[in-house]
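K.L.:
Give the three-dimensional model of this entry:
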Amino acid sequence: MIDELVIKKNLEEFSFPRLSGTIHEKRAFDLAYNKILDLGLKPQVQEFEFSTFYSRSYPKIGFISGFIILLLFFINLTLASFVLIIISPILIILFIVMRNPENVKFYKKLESANLFVRLKAVKRSDNNKKKNPKRIIVFSCHLDSKGQKLSILARVRSMRAWFFSALITICFILLKELSSPNLSIIFIILGGIPLSINVISTLLIGINTTKNSSPGAIDNASGIVCVLELLRHYTDENNRLENVESWFVFTGCEETGTMGIRNLYKRLKVFDRNLFMLVNFDSVGSGITIFDSIFKPVGYDEFYNSFLNNKIGLEIGQKSKKINFGTHSDGTYIKKKMYQGIEFGDLSIYKYMHSKEDTIDKVNTTNLKRLCELLIENVKQYYENK
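P.N.:
Prediction:
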């Protein structure tokens, strides 16, 4: 049985600044480790090193370089082409290296770790049905938090403004080069508007620094308490899933380039993607938003819709189909590897995330309780013995 009082207690205990790679993240790791021990389970640990370059410096290099190139093309096409030819090899090499940032070990190196528990599928003698191949379900969350000068909402808007203003500026540059000298001045004036927006966006991205200042109640103590409570429920063998192996994962370093799940994926990728399901909790606040999967094998849509059309009256909104840049969560990373998965978050509270306002009063623990109960029911109905 899911206990809201336990959820509240755990939420209070995990709500403190815990930047990845610091002693504060280690404190969160130890707290989760000991709570698992208290359940009579022995968790597994995967330690790893990571570089902060990919998360904190690489994006700034990319956006600032892009702005400089855009500005040069706006001023002089020949000069810009010459500069682009010179720096392109460097940018291409950097891009190739950053395709697997978990392997990057230069710049500032820090240590982190993943924590996980595997509960084997149970066999019950009273069930004589023919067994299909064993399924794997992973309940995941991340342990670390992050504070920034800009809120996550402001950062996302800055990046989107940068991309769209760059595209519009490029259109005006092309019109300027293809038009007559008399008309080109008009396109220069008009092109200055999106270029100015690009300047502002570049500055905002450049000044955004990472701090250990956010209590991280929403992002992601809310996810931690859900996974802990699900683990507490399934620890009882009477509740254990039949023909489904359950993983309960607490990743480190999610806020610094999703390094935890990137390292854990080396162990997860051996599983058949048709038999694998990820359920990721990342920033559930006052409401609940469900995020869809890219890969959808037979049975996935039924499972997904069982949350939207639930009969307990729990309001769950869908993530709208917007353009996404980059990999922002553990769930996104796994789903981009073409494994099926769903995520639970809350789009309405993005303005508080990565700030000092990410506090426990913005988390609805009753909703967390009901979500866990709904998840238990739906998993049993759609994934056990199938």
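K.L.:
Any idea how many residues pack against K134?
P.N.:
Using other CB atoms under 10 Å, K134 has 14 neighbouring residues. Heads up, the C-betas are built off the backbone N, CA and C, glycines and all.
K.L.:
residues making contact with the strand or helix carrying E47?
P.N.:
Using DSSP states H and E, E47 falls within strand 44-51. For strand 44-51, contacts defined as CB atoms under 8 Å, 6 or more residues apart in numbering pick out 20-21, 33, 101-102, 104-118, 252-253, 256-257, 259-260, 263-264, 267.
K.L.:
how does it look with 10 Å?
P.N.:
Defining contact as CB atoms under 10 Å, 6 or more residues apart in numbering, one finds that strand 44-51 is touched by 20-21, 29, 33, 36, 57-58, 101-118, 247, 249, 251-253, 256-257, 259-260, 262-264, 266-267.
K.L.:
Check stretch 22-33 too.
P.N.:
Identification of contacts with stretch 22-33 by CB under 10 Å, 6+ apart yields 10, 13-14, 16-20, 43, 45, 110-115, 141-145, 212, 216, 221, 224, 227-228, 231, 248, 250, 252-253, 255-256.
K.L.:
For that stretch, C-alpha coordinates in PDB please.
P.N.:
Below are the C-alpha coordinates for stretch 22-33, written out as PDB (Å, rounded to 0.1, in the frame of the first residue of the first chain):
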ATOM      1  CA  THR A  22      29.600  17.300  -5.000                       C
ATOM      2  CA  ILE A  23      29.500  16.000  -1.500                       C
ATOM      3  CA  HIS A  24      25.800  17.100  -1.500                       C
ATOM      4  CA  GLU A  25      25.000  14.700  -4.300                       C
ATOM      5  CA  LYS A  26      26.900  12.000  -2.300                       C
ATOM      6  CA  ARG A  27      24.700  12.800   0.700                       C
ATOM      7  CA  ALA A  28      21.600  12.200  -1.400                       C
ATOM      8  CA  PHE A  29      23.100   9.000  -2.700                       C
ATOM      9  CA  ASP A  30      23.900   7.800   0.900                       C
ATOM     10  CA  LEU A  31      20.400   8.700   2.000                       C
ATOM     11  CA  ALA A  32      18.800   6.600  -0.800                       C
ATOM     12  CA  TYR A  33      21.300   3.800  -0.200                       C
END
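K.L.:
For it, which residues meet the burial criterion?
P.N.:
Buried residues in stretch 22-33, counted by 16 or more other CB atoms under 10 Å: T22, H24, E25, K26, A28, F29, L31, A32.
K.L.:
Regarding the fourth one, what is its secondary structure?
P.N.:
Just to be clear, that refers to K26. Three-state call for K26 (DSSP: H, G, I helix; E, B strand; the rest coil): helix.
K.L.:
Just to check, T52 is in contact with K146?
P.N.:
No: the pair T52 / K146 is not scored as a contact, 11.2 Å apart, by CB atoms under 10 Å.
K.L.:
Pick out whichever of those two has more residues nearby.
P.N.:
Between T52 and K146, K146 has the larger neighbour count (other CB under 10 Å), namely 26 against 20.
K.L.:
Skipping its backbone neighbours, what lies nearest the more buried one in space?
P.N.:
E255 (3.8 Å; CB to CB, 6 or more residues apart in numbering).
K.L.:
Hmm, P17 and the one you found touching each other?
P.N.:
No: E255 is beyond contact range of P17, at 11.3 Å (criterion: CB under 10 Å).
K.L.:
Need the residues touching each of the two.
P.N.:
What both E255 and P17 touch, as defined by CB under 10 Å, 6+ apart, is the set E25, D144, S145, K146, G147, S214, G216.
K.L.:
and the residues you listed, which are buried?
P.N.:
Buried members of the shared contacts of E255 and P17, counted by 16+ other CB under 10 Å: E25, D144, S145, K146, G147, S214, G216.
K.L.:
And the helices in the chain?
P.N.:
Ranges of helices within the chain are 4-14, 23-38, 58-75, 77-97, 152-178, 181-207, 222-235, 259-268, 300-308, 330-336, 365-383, based on DSSP state H.
K.L.:
right, so of those helices, which gets closest to Y352?
P.N.:
Y352 sits nearest to helix 152-178 of all the helices of the chain, at 8.6 Å, using CB to CB.
K.L.:
quick one: low-confidence parts of the protein?
P.N.:
Applying pLDDT under 70 to the chain flags the ranges 124-131, 320-327, 384-386.
K.L.:
ok, G260 - contacts?
P.N.:
For G260, the contact set (CB under 10 Å, 6+ apart) comprises 20, 46, 48, 50, 102, 112-115, 140, 142-144, 249-254, 330, 333.
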